[in-house]
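Engineer: what shape does this take:
(one chain, ligands or ions: 1)
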Amino acid sequence: MRILIVDDDAGIRKTTGMAVELMGHQVELAPGGARALKIIGEEPCDVCFLDVNLVGENGLDLLEKIQKAQPGIVPVMFTAYANISTAVEAMRRGAFDFIPKPFTPDQIRQVLGKIERERKLEQRVRQLESQLTAGAPEIDFESTEPAMQRALQIVFKAAETQATILLLGPSGTGKSVLAREAHRRGAQRDGAFVTVNCPSLSRELLESELFGHVRGAFTGAVGDTTGKVAAAEGGTLFLDEIGELPLEIQPKLLRLLQEREYERVGEPKVRRANVRVIAATNRDLEAEVKAGRFREDLFYRLNVINVALPPLRGRPGDLTRLADAALQFFGAGMGKRVKGFSPEVVEAFARYEWPGNLRELRNVIERAVILSSGEEIAMADLPEQFSSCGGSAVQVGSPVTIEQLENEHIRRIVASAKSLELAARTLGIDPATLYRKRQKMAGGQGSAE
Ligand SMILES: Nc1ncnc2c1ncn2[C@@H]1O[C@H](COP(=O)(O)OP(=O)(O)OP(=O)(O)O)[C@@H](O)[C@H]1O
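Structural biologist: Reported below is the predicted structural model:
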């Protein structure tokens, strides 16, 4: 944390400053209000130790000015025994705690520990709140599909390390959801999970969003900002759609990944970052490198652990379970007694391409629950694009090869069975044969490296 110590006693400033630095924090020292306000004006601090009894200044007035200048700062008062009542008044006005003089480094350590714990709790509450308001069906990290099982296995294993993870896969396959889960399972789980959406901003704004900027760095930069790398300190920085990161910013990201260093826009000071990076893209990064739109060195740096999430059409064994979970969720949320899907809908789901993947599945089912009037979701509750999937083009007697007929039969049985074992039993083959046949049908699609 960045910590400001305001005390008119040079000895206390120095010894406390050294102790706090040894605890791993960055320290700023000020003998009085003017210097203190200048320091936080230049760059916000996380915590401010403030002497109640400054010579020629009223500690309570200064507390108010500091809180006004930087609303998020956590003030802690230093107080002589005789001034305890003033310190109590300071707490009434928003100070976090007070420490009676003379104090030991251990007392400072305890207060800082308490502040860090509260900050982490606040972050966790914010995270949970955003999950609740998202109103989403429960996230499902199970799979009966080998490609997805392997992808999950690699991500969960890598999550325990500090390694950069690159998630690949079409839109809606769950890359962001999985990145959040990797953060939750990692050593940095108590830190923040901060998302940067690479394509959403201009190059200049994106650079400043990532690294922060100082006042006057560019037109419109009216104040200082700290940036998302700083916000993710001790946590995870999730770079969504990394394939669209402008070329000019790529060397800066490479430096962050390699040296753990960065600079704010318009400031030469080198800062260090302790963040875990997870990146995702639906683009073919190797093709982007060949086309000269993505730096090769950055690609190799990102590509340490590379996981490809299969599209939903490559996960027929998971489709029914995911669809059922979404149905339960939206049915309960809307107070509707929808128990399942009609056989035509099950078939249409199995035949549909799902270009929007899990996101589309969730949206289609939410819409269907809103429209449904019976106990089952019917074809009429699905959007237009499903109408051509209702009846199978491949039927017994159709002018197709035996292999096409077999593939279609396997697809449908797997889509409606509760597990691959049960599907194999219905088909009258052993699970290993079913596995091989499905690998062949998928043509190696959706493998994770
Ligand atoms: N494991 C999962 N279980 C259930 N639903 C999921 C899961 N993963 C994703 N979803 C659903 O799919 C939606 C899209 O997921 P997510 O945003 O992670 O996809 P994405 O691959 O990052 O997409 P994009 O590339 O468009 O950003 C989620 O909001 C959620 O509704």
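
Engineer: going forward, measure contacts between C-alpha atoms and count neighbours the same way
Structural biologist: Noted.

Engineer: need the contact list for the residue of the stretch 201-350 of the chain found nearest the ligand.
Structural biologist: At 5.9 Å from the ligand, residue 282 is the closest residue in the stretch 201-350 of the chain, using C-alpha to the nearest ligand atom. Counting by C-alpha atoms under 8 Å, 6 or more residues apart in numbering, residue 282 touches 168-171, 241, 243.

Engineer: and it, how far from residue 166?
Structural biologist: Residue 282 sits at a distance of 11 Å from residue 166 (criterion: C-alpha to C-alpha, to the nearest Å).

Engineer: residue 87 now?
Structural biologist: On the measure of C-alpha to C-alpha, residue 87 and residue 166 end up 50 Å apart.

Engineer: for the chain, which residues are neighbours of the ligand?
Structural biologist: Applying C-alpha under 6 Å from any ligand atom, we find that the chain lies next to the ligand at 136, 139-141, 171-177, 282, 358-359, 362.

Engineer: mind listing the strands for the stretch 1-150 of the chain?
Structural biologist: Ranges of strands within the stretch 1-150 of the chain are 2-6, 26-30, 47-51, 74-79, 97-100, based on DSSP state E, counting those that start in this stretch.

Engineer: look through the protein and tell me its longest helix.
Structural biologist: Ordering each helix of the chain by length in residues (DSSP state H) puts helix 105-134 first.

Engineer: tell me which residues in stretch 186-199 are buried?
Structural biologist: Residues of stretch 186-199 classed as buried: 186-198 (neighbour count, 16 or more other C-alpha atoms under 10 Å).

Engineer: rounded to a whole number, what's the mean pLDDT of it?
Structural biologist: Averaged over stretch 186-199, pLDDT sits at 88.

Engineer: ok, residues contacting it?
Structural biologist: 120, 123-124, 159-162, 180, 183, 206, 209-210, 228, 231-242, 244-245, 276.

Engineer: let's see it at 7 Å
Structural biologist: Residues outside stretch 186-199 that contact it (C-alpha atoms under 7 Å, 6 or more residues apart in numbering): 120, 123, 159-161, 183, 228, 232, 234-242, 244-245.

Engineer: what's the burial count for residue 362?
Structural biologist: 21 (other C-alpha atoms under 10 Å).

Engineer: give me the element the most far-flung residue of the chain relative to its centre is part of.
Structural biologist: The outermost residue of the chain relative to its centre, with distances by C-alpha atoms, centre = their mean, is residue 397 at 50.7 Å. Counting by DSSP states H and E, no helix or strand carries residue 397.

Engineer: same deal with residue 432?
Structural biologist: Following DSSP H and E, one finds residue 432 within helix 431-442.

Engineer: can I get that helix as CSV, trimmed to CA atoms?
Structural biologist: Output of helix 431-442 as CSV, limited to C-alpha atoms (Å, rounded to 0.1, in the frame of the first residue of the first chain):
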residue,chain,number,x,y,z
PRO,A,431,-17.9,-46.3,-23.9
ALA,A,432,-14.4,-46.5,-25.4
THR,A,433,-15.8,-47.1,-28.8
LEU,A,434,-18.2,-44.3,-28.4
TYR,A,435,-15.3,-42.0,-27.3
ARG,A,436,-13.3,-43.0,-30.5
LYS,A,437,-16.3,-42.5,-32.8
ARG,A,438,-17.0,-39.1,-31.3
GLN,A,439,-13.4,-38.0,-31.6
LYS,A,440,-13.5,-38.9,-35.3
MET,A,441,-16.8,-37.0,-35.7
ALA,A,442,-15.4,-33.9,-34.1
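
Engineer: return the nearest residue of the stretch 301-449 of the chain with respect to the ligand.
Structural biologist: Nearest residue of the stretch 301-449 of the chain to the ligand (C-alpha to the nearest ligand atom) works out as residue 359 at 3.7 Å.

Engineer: ok, that residue to residue 432 distance?
Structural biologist: 31 Å.

Engineer: one more: residue 64?
Structural biologist: 71 Å.

Engineer: neighbour count winner among these two?
Structural biologist: Set residue 64 next to residue 432 and count neighbours by other C-alpha under 10 Å: residue 64 wins out with 16 against 12.

Engineer: next one: the more buried one, what pLDDT does it get?
Structural biologist: pLDDT, read off for residue 64, is 91.

Engineer: over to the closest residue to it other than its chain neighbours: give its phi and psi.
Structural biologist: The shortest distance from residue 64 to any non-neighbouring residue, by C-alpha to C-alpha, 6 or more residues apart in numbering, is to residue 93 (8.0 Å). Dihedral pair for residue 93: phi -90, psi 10, per degrees, to the nearest 10.

Engineer: count the neighbours of residue 93 for me.
Structural biologist: Using other C-alpha under 10 Å, residue 93 has 13 other residues around it.

Engineer: so where do the helices sit in the stretch 301-449 of the chain?
Structural biologist: 316-333, 343-351, 357-371, 402-416, 420-427, 431-442 (DSSP state H, counting those that start in this stretch).

Engineer: could the ones you listed be laid out in CSV, adding mean pLDDT and distance to residue 99?
Structural biologist: Shown next, in CSV, are the helices of the stretch 301-449 of the chain (pLDDT from 0 to 100; distance: least, C-alpha to C-alpha, whole Å):
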stretch, mean pLDDT, distance to residue 99
helix 316-333, 91, 50
helix 343-351, 88, 64
helix 357-371, 94, 52
helix 402-416, 81, 65
helix 420-427, 89, 64
helix 431-442, 83, 66
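
Engineer: now distance to residue 288 too, for the ones you listed, in JSON lines please.
Structural biologist: Putting those into JSON lines (distance: least, C-alpha to C-alpha, whole Å) gives the following:
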{"stretch": "helix 316-333", "distance to residue 288": "30"}
{"stretch": "helix 343-351", "distance to residue 288": "32"}
{"stretch": "helix 357-371", "distance to residue 288": "23"}
{"stretch": "helix 402-416", "distance to residue 288": "34"}
{"stretch": "helix 420-427", "distance to residue 288": "38"}
{"stretch": "helix 431-442", "distance to residue 288": "25"}
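
Engineer: circling back: of the contacts of stretch 186-199, buried ones?
Structural biologist: Buried among the contacts of stretch 186-199 by 16+ other C-alpha under 10 Å: 123, 159-160, 183, 228, 232, 234-242, 244-245.

Engineer: what residues does stretch 42-58 touch?
Structural biologist: 1-8, 59-60, 70, 73-79, 87, 224.

Engineer: straight-line length of that stretch, end to end?
Structural biologist: End residues of stretch 42-58 are separated by 23 Å (C-alpha to C-alpha).

Engineer: give the rounded mean pLDDT of that stretch.
Structural biologist: Averaging pLDDT along stretch 42-58 gives 88.

Engineer: all good on my end, thank you.
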